[in-house]
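Asker: pasting the sequence and the predicted coordinates here, then a few questions.
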Amino acid sequence: SQQGEEDPQALSIQEGENATMNCSYKTSINNLQWYRQNSGRGLVHLILIRSNEREKHSGRLRVTLDTSKKSSSLLITASRAADTASYFCATDAENNNDMRFGAGTRLTVKP
Amino acid sequence: DAGVIQSPRHEVTEMGQEVTLRCKPISGHDYLFWYRQTMMRGLELLIYFNNNVPIDDSGMPEDRFSAKMPNASFSTLKIQPSEPRDSAVYFCASRPGGRSEQYFGPGTRLTVT
């Protein structure tokens, strides 16, 4: 069963704009991860944020985590056409070695 | 490292036939995961192994599905008999012990007619 739920389901922006995607989850977690999937490809890990962290940066990516609200956001700044992909959040629950993925946000960046 | 390798990349078969999907994880990774992705249900975890031992197969949809990992470098997912509703992209992923990030293969696109 899915654990995370992304919002929005689809997002379309112009190149250069920022893109924000949100993720909500249900149970206590060890960490939360974001993955990207280009059409026809496997998922690629982007960034991991631990449950005791509130914000993390990696290049043009910024992730926040609010464990009290059981939510996370992924911000992509200065978007590029190459950022067009589906983005998934995944939670690594406490006392569990597997990971549950949300339904994903489909991001389209128009050149 | 070549990454996670899956074969075949595409499989088209008729209903009732046996289908075997193959996966070679990244060397040294202790965990192997099988996922199924469809438009309707998203990405579903089917089963995962730790050190070649199946740990959780609660996501396996039916007895028609079975998975094995005879050694650290090879796993199979078998569907027998296959049905049209099994059509999906099947992903294999692996990760090392002590880490959370998973490494995905390119997937096998299965079409059952």
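Answerer: Thanks, I have it.

Asker: how far away is the one residue in chain A that gets nearest to chain B from A:Phe88?
Answerer: Per C-beta to the nearest C-beta, A:Gly42 is where chain A lies closest to chain B, at 3.4 Å. Every C-beta, even on glycine, is put in place using the N, C-alpha and C of the backbone. A:Gly42 is 12 Å from A:Phe88, where distance means C-beta to C-beta, to the nearest Å.

Asker: of these two, who's got more company?
Answerer: Per other C-beta atoms under 10 Å in any protein chain shown, whichever of A:Gly42 and A:Phe88 has more neighbours is A:Phe88, with 25 against 22.

Asker: ok, the residue of chain A closest to chain B to B:Asp30 distance?
Answerer: 19 Å.

Asker: interface residues of chain A facing chain B?
Answerer: Contact residues (C-beta under 8 Å from any C-beta of the partner chain) of chain A with chain B: A:2, A:30-31, A:33, A:41-45, A:48, A:88, A:92, A:97-104.

Asker: list buried residues within those residues.
Answerer: A:2, A:30-31, A:33, A:41-43, A:45, A:48, A:88, A:92, A:97-104 (16 or more other C-beta atoms under 10 Å in any protein chain shown).

Asker: quick one: A:Tyr22 is in a helix?
Answerer: In this structure residue A:22 is Asn, not Tyr. No - under the criterion used here (DSSP: H, G, I helix; E, B strand; the rest coil), A:Asn22 is strand, not part of a helix.

Asker: right, and it touches A:Ser72 too?
Answerer: Yes - under the criterion of C-beta atoms under 8 Å, A:Asn22 makes contact with A:Ser72 at 7.2 Å.

Asker: now the helix or strand where B:Gln37 lies: buried residues?
Answerer: Assigned by DSSP states H and E, B:Gln37 belongs to strand B:31-38. For strand B:31-38, the buried set under the neighbour-count rule, 16+ other C-beta under 10 Å, comprises B:Tyr31, B:Leu32, B:Phe33, B:Trp34, B:Tyr35, B:Arg36, B:Gln37.
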